[in-house]
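Colleague: Pasting the sequence and the predicted model now:
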Amino acid sequence: MTTAKGGSAPSLRTVCWVVPAYDEAASIADLVHRIAEVSEGAGWRWRLIVVDDGSSDGTGDLARDAGAGRAEVLVNQPNLGLGRTIRRGLRAAAESLGPGDVIVTLDADLTQDPVYASALLALLDEGADVAIASRYRRGSSVEGLSVFRHVLSFGAGALMTLLRPIRGVRDYSCGFRAYRAEVVRDAFERWGDDFIREDGFGCMVEIAERLRETAVFAEAPFTLRYDLKRRGSAIPVLRTIAAYGRVLRRVSKEGHSAAPIGMLALAFVAVMLGAVGQAFLRAGAGGVDASGVVETLAIALRDPRVIGGFLAYGFSTVLWLVVLSRLDLSVAYPIGAWGYVVVTIAAVIAGEQVPPSRWAGVALIVLGILLVGWLGVAPQLERAKGASAR
């Protein structure tokens, strides 16, 4: 019996958990017990690799004791950072696993419940190569995270969505993931240690970028319980942002496909249609004919302030696109488009004179909204078709 991609059947595969840990003595034993509980309850063949990144609080020993022979503990000396720690764990897992086996990575601080791994493995069974526990899918939630961290995480995801979108991905930085072991093994064979070069939190974005051209991605919702974290920590914001920039620059130089400038251009065309449509709509409501609107627009577009306003409108609408597409609210696009049509038809029914320029404005706005909506949902539809074709 095989899976959708020809690997072992779920009952025969091995699930290897990889947990990078640094000074997590307060939580590592409970996490190991929870992993064992989830794995045994699901009937998986499983093993656990904990990579202790030079902890000074006995994290590695506690993990080994809690694992009762099921936990392999690798120790970095000295502390090397998250990137090299996760790289060591992924390499150790990939080299020891066979076709159809799975690697699951997650944090050591109890903020990510291993129980969600079942949903990730289900996505792999449906044809995905990488499954991410996402904070930005319908049904997801985050508890105990500061507003600043929310904004930082969402902003990073929005930036990646605009510059380097990966089909099926909204949460680029979450470390709770499931990988087909052969995908990780192939990546190490292709790049060696360059598969993961970032030492800090940027490594999760780097992994996704490395795999974007060869892997199918999918996401499942989960609840991030930051309120359960037992040890304080701080993300170096500026260094993390700089790491994202390095990753984007590096993969561009290494011959990966360029950022989707064409898609962004289409998005701006779409919102410009909406802006021009608004002008026609308002002019039509005021009784100005179409030629007068065109002449007024031609004069206005010579004004730098108007051009700046158009660009700001375009940028804000593209961000709106990102937000709605991340929240699975694509239905809002046709609803919004038809809203303009209904209002205009209602005006006609009420006996109002509706000039052609107003109808032209409605048509342009509807076209712009639907095009923006298509840009937001088309990648997801294409990915789903590709997965079903397998």
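Modeller: Cool, the structure landed. Numbers count the residues shown, from 1 in each chain.

Colleague: Check the gap between W191 and R137 for me.
Modeller: Distance, W191 to R137, by Cβ to Cβ, to the nearest Å: 29 Å. (Glycine included, C-beta is placed from N, CA and C.)

Colleague: Kindly check the end-to-end length of stretch 167-178 for me.
Modeller: Using Cα to Cα, to the nearest Å, the end-to-end distance of stretch 167-178 comes to 16 Å.

Colleague: of W191 and R137, who's got more company?
Modeller: A direct count of neighbours by other Cβ atoms under 10 Å for W191 and R137 places R137 higher, at 17 against 13.

Colleague: List the contacts of that one.
Modeller: R170, D171, E219, A220, P221, D328 (Cβ atoms under 8 Å, 6 or more residues apart in numbering).

Colleague: possible to save those residues as CSV with neighbour count and pLDDT?
Modeller: Below are those laid out as CSV (neighbours: other Cβ atoms under 10 Å; pLDDT from 0 to 100):
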residue, neighbour count, pLDDT
R170, 26, 88
D171, 26, 89
E219, 24, 97
A220, 22, 97
P221, 17, 96
D328, 15, 44
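
Colleague: ranges for the strands of the stretch 51-200 of the chain?
Modeller: 71-75, 102-105, 130-134, 141-143, 177-180 (DSSP state E, counting those that start in this stretch).

Colleague: Restricting to C-alpha, output the second one in CSV.
Modeller: Once side chains and other backbone atoms are set aside, the C-alpha atoms of strand 102-105 remain, and they are given as CSV (Å, rounded to 0.1, in the frame of the first residue of the first chain):
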residue,chain,number,x,y,z
VAL,A,102,8.1,12.0,7.8
ILE,A,103,9.9,14.6,9.7
VAL,A,104,8.0,16.9,12.1
THR,A,105,9.7,20.0,13.6
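
Colleague: partners of it in the sheet?
Modeller: Strand pairing for strand 102-105, using DSSP bridges, gives strand 14-21 (parallel), strand 177-180 (antiparallel).

Colleague: looking at those strands, which is closest to E213?
Modeller: strand 177-180 (15.3 Å; Cβ to Cβ).

Colleague: Pop the domain breakdown of the protein in here.
Modeller: Structural domains annotated on the chain: 14-253, 261-389, as defined by automatic domain parsing.

Colleague: Of those, which shows the lowest average pLDDT?
Modeller: Lowest mean pLDDT of the domains of the chain: domain 261-389, a mean of 59.

Colleague: which residues does I86 contact?
Modeller: Contacts for I86 (Cβ under 8 Å, 6+ apart) come out as V18, P20, V51, T105, G175, I196, C203, I207.

Colleague: Of those, just say which sits nearest to L97.
Modeller: V18 (10.8 Å).

Colleague: who touches that closest one in this structure?
Modeller: I49, V51, I86, G89, L90, A92, A93, I103, V104, T105.

Colleague: Helices - which of those land there?
Modeller: Here DSSP state H is the test, and the contacts of V18 give I86, G89, L90, A92, A93 as lying in helices.

Colleague: could I get these as CSV with distance to V142?
Modeller: Output for these, formatted as CSV (distance: Cβ to Cβ, whole Å):
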residue, distance to V142
I86, 22
G89, 25
L90, 26
A92, 31
A93, 28
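
Colleague: and of the residues you listed, the nearest to L62?
Modeller: G89 (17.2 Å).

Colleague: ok, what's across the strand from the residue nearest to the closest one when sequence neighbours are not counted?
Modeller: Nearest in space to G89, with sequence neighbours left out and distances taken as Cβ to Cβ, 6 or more residues apart in numbering, is V18 at 3.9 Å. Beta bridges link V18 to I49, T105, judged by DSSP bridges.

Colleague: which residues of the protein fall in helices?
Modeller: 28-42, 59-67, 82-96, 117-125, 147-163, 181-191, 203-211, 237-253, 261-285, 290-300, 304-326, 332-349, 356-389.

Colleague: Show me what the first one is packed against.
Modeller: Other elements packing on helix 28-42 under the criterion 3 or more Cβ pairs under 8 Å, 6 or more residues apart in numbering; DSSP states H and E are strand 14-21, strand 45-52, helix 59-67, helix 117-125.

Colleague: Need the winner for burial among those.
Modeller: Across those, averaging neighbours per residue (mean count of other Cβ atoms under 10 Å) puts strand 14-21 on top, at a mean of 25.

Colleague: circling back: could you export the strands paired with strand 102-105 as JSON lines, including distance to V362?
Modeller: Shown next, in JSON lines, are these (distance: least, Cβ to Cβ, whole Å):
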{"stretch": "strand 14-21", "distance to V362": "55"}
{"stretch": "strand 177-180", "distance to V362": "45"}
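
Colleague: Out of these, the one nearest D109 is which?
Modeller: Of all these, strand 14-21 sits nearest to D109, with 8.5 Å by Cβ to Cβ.

Colleague: Can you check what angle separates the closest one from helix 59-67?
Modeller: Here strand 14-21 runs at an angle of 150 degrees relative to helix 59-67 (axes from the mean of the first three to the mean of the last three Cα atoms, to 10 degrees).

Colleague: then strand 14-21 to PDB, C-alphas only?
Modeller: Taking C-alpha atoms only, strand 14-21 is exported to PDB below (Å, rounded to 0.1, in the frame of the first residue of the first chain):
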ATOM      1  CA  THR A  14       8.100   6.400  10.700                       C
ATOM      2  CA  VAL A  15       7.400   9.900  12.100                       C
ATOM      3  CA  CYS A  16      10.600  11.500  13.300                       C
ATOM      4  CA  TRP A  17      10.200  14.500  15.600                       C
ATOM      5  CA  VAL A  18      13.000  17.100  15.500                       C
ATOM      6  CA  VAL A  19      13.000  19.600  18.400                       C
ATOM      7  CA  PRO A  20      15.600  22.300  18.600                       C
ATOM      8  CA  ALA A  21      16.100  23.400  22.200                       C
END
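
Colleague: change the start of the numbering to 8 and stick with it
Modeller: Okay, using 8 as the starting number, the last item reads as strand 21-28.

Colleague: Could you dump the strands of the stretch 58-207 of the chain into CSV and include distance to V254 and mean neighbour count?
Modeller: Formatted as CSV, these follow (distance: least, Cβ to Cβ, whole Å; neighbours: other Cβ atoms under 10 Å):
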stretch, distance to V254, mean neighbour count
strand 78-82, 25, 18
strand 109-112, 18, 26
strand 137-141, 16, 27
strand 148-150, 24, 13
strand 184-187, 16, 26
